[in-house]
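*Asks:* Sequence and computational prediction follow.
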Amino acid sequence: MAVQHSSPTNGATHFHEHTSSRPPSKPCEPCCKLNSILQLGATSLLVPQCYPAPWPTDAPTSLHGYIQPGAAPQPMNPMVPNTYQPNRAPYGPPPTGPPPTMKPTSPPTGPPMANATPPPPKADEPVAGNGPQAPNSYNHVDNKMAGPPQPGPPGRHLGHYPSLPPGYQNTSAPHNATPPMHPAMQAATQPYTQAPQPYQQPPVGPGPAQLSPSLAAMSLQSSTPEALRVVNLLQERNLLPPSPIPAPTPCLPQDLQKINCNPEVFRSTLTSIPQTQSLLNKAKLPLGLLLHPFKDLSQLPVVTSSTIVRCRSCRTYINPFVSFLDQRRWKCNLCYRVNDVPEEFMYNPVSRSYGEPHKRPEVQNATIEFIAPSEYMLRPPQPAVYLFILDVSHNAVETGYLNVFCQSLLDNINALPGDSRTKVGFITFDSTIHFYNLQEGLSQPQMLIVSDIEDIFLPTPDSLLVNLNECKELVQDLLKSLPTLFEKTMETQSALGSALQAAFKLLSPTGGRMSVFQTQLPNLGVGALQSREDPNQRASAKDIQYLSPATDFYKKLALDCSGQQVAVDLFLLSSQYCDLASLGCISRYSAGSVYYYPSYHHQHNPAQVECFQKDLKRYLTRKIGFEAVMRIRCTKGLSIHTFHGNFFVRSTDLLSLPNVNPDAGFAVQMSIEENLDDMQTVSFQAALLYTSSKGERRIRVHTLCLPVVNSLSDIFAGADVQAITGLLACMAVDRSVTASLSDARDAMTNASIDSLSSYRQSVLTIQQPGLLAPACLRLFPLFILALLKQKAFRTGTSTRLDDRVFAMCQLKYQPLAYSLLMIHPALYRIDDLTDEGALNINERTIPQPRLLQLTVEKLSREAAFLMDAGTVIYLWIGRNCNPTFLSQVLGVPSYAAVPDNLYLLPELDTAESQRTRAFIGWLRDQRPFFPSLHIIRDESQQKASFLQNMIEDRTESALSYYEFLLHVQQQISK
C-alpha cells in the first residue's frame, strides 16, 4: 500500500515523504432551562435540561403552502403540574432494626389533593432561533404542535433488615396467559387484538372509522374486573405467572380494538386516559408512551399516492380513528376540524372501487407507510453513505478486533443497505489521522497520513468517500491489508476527537453514518479525556460521581453532525475505563447507537468475540433510514413534555434523527393540559419521515386510540405495569445524571409507595390489613426492586463506571421488550425440557418451560437452570445435576468434567441437545443483539453475576423482596 503524509501549506495540499510520525471545557450552556416537574412521591423531578434552542424554521415552504415558515411555536406548558404528591416529607430509608410486627392499619385520611389544571398555551408565538440553519432541515415539512424538551426522575439506598423467614402462603396467583413467543418478552409484545380482559363490556357502535358515543357509558364498576382483583402482596408469594403477562387491552369497542396499533410498536403506560390532570395526579401513576417506530415488521401496508390526506389544521395523517361525516367530509380525531375528502381518496386501490373512502388502507391500518411525493423533500434523497473510523493504536491491535471487523465487512459487503449510489470510506487513527484514497483507477489503496491533528484537513476530499460498486475491489484490498498494516505498531496514543472532526468534514456535504471503533480513553488533541474513575469507589453505597460528561466537545460535535444529517455509532471494545459518560454523547445527540464490549480480547474472551461478530453482522445488514425526523401528535388537551432516547429535539416536538434503525426505542412523558370532559377517546400519532437506503422518501405513521375515563378504579384497571416500569427507568436515568443516584432511587421507591397508597385510599371500598395491590399492579414493587438492583442504579455492589453508564444508555434507548429482560431476567429449569406445550416454528419444536421466581429457593443442585438477562444468558449447572443432561446436552461424563469458560453448546445428535439448543436459539432470535452464553458451575467466576440477578434475595447491600414489601407497607401505613 502506498503511504503518504500530508500537511497544509499556504492553503494548498502537498504530499511529502516522512518516516516518523509525531506523537506528540467549559460546561455546556443550558439553552432550554424549561423542564417538567414530575414529582414521584416527595422527590420532585424538576430537571434543568441542556438543549440548544429550537432551530429556526426558515426553510422553504412545501408546495402546498400549508406550513407557517419563519417561526417555531412557543413551547407549551413550561411547567407540568405536580403529578406526584407534593407537600410531603421525603420517605426515608427503612429502619435498620428488626421489622415491626404487622398490624392492620387504617389508611391515612384527609381531603383529596388539590391540583390545578395549567392555563392553555399561547398560540404560535414566534421563538427566535440561534445558530445556522442546516440546508437539509425538514422542520417545515412536518410542522405543528409544541411541547418542550427533555428531563428526568429518582430511590435511596434502603437500609438493612435482618433476614426474615418467608412469611408467604404458597398460593399461586391465578393467571390466564397463553404460551407465547418469548416468555419474558411476549409480555411486552402482545398485540392489543387478543381476547378482551374480563372487565371489558361488549362493544357497541358503528364501523372502524366511527367512534361510538356510547363509550362514555362503559363504566367498569358494575363488577370487579380481573385487573382490579385485590392481591395481598405479603401473603401471595407466587405472583410471577408461569408465562408472560400480555399487554393490557384498551377498553374499546371491538371493531376499534381490532385495528388499534400493536403494543410492540406503540404502547401507553395507562390504557385508560384520565379525564383531568387532577385525576391523574390522584392516581400517582406516570402517563407516557413507549415507541418502537422503525421496528422490523412482517406486514406493513405501503401506499403510493400523489395525495397524502392530512388534517388542514394540525397536520394529522388520516387514520382509522377519524370519523366520516359523509363521503366527502372527515373529522380529525386530534383537533376535531372537519376536512374535505380529496377526489383521489374516493378511489380504493385495494378493492378497485369508487366512493368508499372509509375502506381505504389508510383508514383500515393503524400502522402504514407512505411513499412521499416531492413536497416532502428539501433536496434529492441522499445516498447511503458509510464511513468507518478505526482505532489502530497498540491497544487496539492487542485486542484483535480489527481482524474481526475487516472479515465481517468483507463477508457482508454485498449486503450493506443501499443502491448504485452507495458510498464508503475509511479513516484510521492513533496519534495521527490516516485517510485512504480509494479512487477508481488506482492499483492499490493509498494511505494519506495527516499528522497535524490540531488543524485537521482532508488531503484529497474527492477520493476518500467512493462509490462502493465502482471501487469494490480496492475496498476489499484495503480490508484484507488493514489488520497486518498496524500489527507492529507501538503507538499508544489516541486522537479520537481529531478523527471525528475529520470524519465530520468528510460526511457533511452528503450526510450518512459514522461507525467509530474505540479501544481506550482518548488522550491526545481535542476531546482528550482523563480517567475519572476511582476503582475503590465502585462498591460505594454513597452517590456515584461522574455520570455526566467531562467535556461538552462530544455533545457539540454530535449536534453539528445532527445538523448535517450525520449519525455516529460507537463501538467501545476495552478492558480499561473509557469514560462512556463523555464519549456516549456523540451517539446520544446524533441519534446513533452505543455498543460496549468490556474486556474484549480475541484470545482471552471468545464469548465477547462471538457477540461482536454477530452484532456486527446485524449492524451492517439491518434496514436503515437516513435524514429522518419524527413528530408525535396527540389529541387536543394532551401535551408531550419530555422525550427519552437518542436524538436531538429540533423544535419543541420534532425529533431530529439523522439515522433511524429498527432496534431503537423512544419514550415520551405526557400531561393533561385541558380537561377531556366531552371526549370518549383520545388518539396519539407518531409520524416518521425518512429516506430509505434505496433513495425513496417515506413516511411511517402509527396511530394509537385509547378510551377516556373519569374514575380512579378505571385508571388503575388499565395500568400497564411493564410500560410504567420502562418509563420510570428512563426517568430515573435522567434523574441520576441531573441530580443524583440516591434521588433517582428514592423516587422509584416512592413511585410504588404512592401508587399503592392511592389505590388503598381511593379505590378500595373495604379496608383490610396487609399490602394490597390491584392484580394489574401486583408485580410493580417487584419491578421497582429489580430496578434498584439493576446495574444502572445499584449501590454497595462493585460496578465499573462504564458498565453502569452503558446500562443507563440501554434503559434509555432499548425498546421495552428488550429492556424488560435487563430489568427482570427470566429464569427456567431446562434439564427436563419436554415437547408438552411447545411451539412449532419453521418445523422446529421450541420447548416452553415455566418462568420461575428469581430466588435461590428455586434452584436445585440436582438440576440445570437457564437465566435470560437480555444481553447475557447464564446456564447454571447444579453440582448433582442429572448425568443424562450432562452427557446428552454438554457432552461431558460428569459435573467435574464441565470445562471452565464454556460458552458454546456442542451440537449433539440427541433429543435433549436439540431441545436445549432450539430453546436458546429461539430466545436469541427474539432480539436484535446477540446475548452471550455462559455455562457456569458453582466454582465459576460468573456465578456472582448470576446470583446478583436473583432479585428476590437479600444481599449485603440490598433488601430481599419480602423486606422491600414490608418497607413499602410501613410507608403506606404512616
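*Replies:* The structure has been received and is ready for your questions.
*Asks:* where exactly do the helices run in the stretch 401-550 of the chain?
*Replies:* Counting by DSSP state H, counting those that start in this stretch, the stretch 401-550 of the chain has helices at residues 401-412, 472-485, 496-507.
*Asks:* and the ones you listed as CSV, adding distance to residue 3, mean neighbour count and mean pLDDT?
*Replies:* C-beta: built from backbone N, CA, C; applies to glycine. Below are these laid out as CSV (distance: least, Cβ to Cβ, whole Å; neighbours: other Cβ atoms under 10 Å; pLDDT from 0 to 100):
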stretch, distance to residue 3, mean neighbour count, mean pLDDT
helix 401-412, 17, 19, 98
helix 472-485, 9, 17, 96
helix 496-507, 17, 24, 98
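*Asks:* wait, which of the ones you listed is closest to residue 636?
*Replies:* With distances scored as Cβ to Cβ, the stretch of these nearest to residue 636 is helix 496-507 (40.5 Å).
*Asks:* Show me what the closest one is packed against.
*Replies:* Using 3 or more Cβ pairs under 8 Å, 6 or more residues apart in numbering; DSSP states H and E as the contact criterion, the secondary-structure elements in contact with helix 496-507 are strand 385-391, strand 423-429, strand 433-437, strand 512-518, helix 553-563, strand 566-574.
*Asks:* is it possible to export those to a markdown table including distance to residue 709?
*Replies:* Shown next, in a markdown table, are the helices and strands packed on helix 496-507 (distance: least, Cβ to Cβ, whole Å):
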| stretch | distance to residue 709 |
| --- | --- |
| strand 385-391 | 49 |
| strand 423-429 | 53 |
| strand 433-437 | 60 |
| strand 512-518 | 44 |
| helix 553-563 | 40 |
| strand 566-574 | 40 |
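*Asks:* Go through these and name the closest to residue 817.
*Replies:* When those are compared by Cβ to Cβ, strand 566-574 sits nearest residue 817, at 21.2 Å.
*Asks:* I'd like the next helix or strand past the closest one.
*Replies:* Helices and strands here follow DSSP states H and E; after strand 566-574, the next one along the chain is helix 580-583.
*Asks:* Contacts for that next one, please.
*Replies:* 496, 518, 522, 529, 546-551, 554, 570, 572, 594, 596, 801-802, 805-806, 809 (Cβ atoms under 8 Å, 6 or more residues apart in numbering).
*Asks:* Write a ChimeraX command that selects only the buried members of those residues.
*Replies:* Here the buried members of those are turned into a ChimeraX selection, burial being counted by 16 or more other Cβ atoms under 10 Å:
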select :496,518,522,529,546,547,549,550,551,554,570,572,594,596,801,802,805,806,809
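*Asks:* Do a quick rundown of the strands in the stretch 301-450 of the chain.
*Replies:* Assigned by DSSP state E, counting those that start in this stretch, the strands in the stretch 301-450 of the chain fall at 302-304, 323-326, 329-331, 338-340, 347-348, 353-354, 367-371, 385-391, 423-429, 433-437, 446-450.
*Asks:* Reformat those strands into JSON lines and put mean pLDDT, mean neighbour count and distance to residue 857 next to each item.
*Replies:* Conversion of the strands of the stretch 301-450 of the chain to JSON lines gives the following (pLDDT from 0 to 100; neighbours: other Cβ atoms under 10 Å; distance: least, Cβ to Cβ, whole Å):
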{"stretch": "strand 302-304", "mean pLDDT": "93", "mean neighbour count": "13", "distance to residue 857": "52"}
{"stretch": "strand 323-326", "mean pLDDT": "95", "mean neighbour count": "14", "distance to residue 857": "55"}
{"stretch": "strand 329-331", "mean pLDDT": "97", "mean neighbour count": "18", "distance to residue 857": "57"}
{"stretch": "strand 338-340", "mean pLDDT": "98", "mean neighbour count": "14", "distance to residue 857": "61"}
{"stretch": "strand 347-348", "mean pLDDT": "88", "mean neighbour count": "16", "distance to residue 857": "60"}
{"stretch": "strand 353-354", "mean pLDDT": "88", "mean neighbour count": "10", "distance to residue 857": "63"}
{"stretch": "strand 367-371", "mean pLDDT": "97", "mean neighbour count": "21", "distance to residue 857": "43"}
{"stretch": "strand 385-391", "mean pLDDT": "98", "mean neighbour count": "24", "distance to residue 857": "46"}
{"stretch": "strand 423-429", "mean pLDDT": "98", "mean neighbour count": "24", "distance to residue 857": "52"}
{"stretch": "strand 433-437", "mean pLDDT": "98", "mean neighbour count": "23", "distance to residue 857": "57"}
{"stretch": "strand 446-450", "mean pLDDT": "97", "mean neighbour count": "21", "distance to residue 857": "61"}
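*Asks:* nearest to residue 952, of the ones you listed?
*Replies:* For the strands of the stretch 301-450 of the chain, proximity to residue 952 was assessed by Cβ to Cβ; strand 367-371 is nearest, at 37.7 Å.
*Asks:* quick one: strands adjacent to the closest one?
*Replies:* Next to strand 367-371 in the sheet, as set by DSSP bridges, lie strand 302-304 (parallel), strand 697-709 (antiparallel).
*Asks:* Give the next helix or strand downstream of the last one.
*Replies:* Going back to what we said before, that points to strand 697-709. Strand 697-709 is succeeded, C-terminally, by helix 712-717 (DSSP H and E).
*Asks:* neighbouring contacts of that next one?
*Replies:* Residues lying outside helix 712-717 but in contact with it, judged by Cβ under 8 Å, 6+ apart, are 199, 219-221, 225, 227-228, 251, 270, 272, 274, 279-280, 282-283, 285, 709, 758-759, 762-763, 774, 776-777.
*Asks:* Next up, the contacts around residue 504.
*Replies:* Contacts for residue 504 were tallied using Cβ under 8 Å, 6+ apart; they are 514, 557, 560-561, 564, 566.
*Asks:* ah, wrong one, I meant residue 793
*Replies:* Taking Cβ under 8 Å, 6+ apart as the definition, contacts of residue 793 comprise 155, 732, 736, 741, 744-745, 748, 787.
*Asks:* which element is it on?
*Replies:* When secondary structure is defined by DSSP H and E, residue 793 falls outside every helix and strand.
*Asks:* Backbone dihedrals for it, both of them.
*Replies:* Residue 793 has phi and psi values of phi -120, psi -10 when expressed as degrees, to the nearest 10.
*Asks:* Distance check, residue 736 against residue 811.
*Replies:* 10 Å (Cβ to Cβ, to the nearest Å).
*Asks:* And residue 669, by the same measure?
*Replies:* Counting by Cβ to Cβ, the separation of residue 669 from residue 811 is 15 Å.
*Asks:* do the same with residue 802
*Replies:* 15 Å.
*Asks:* Could you do residue 357 as well?
*Replies:* From residue 357 over to residue 811 the distance is 43 Å, taken as Cβ to Cβ.
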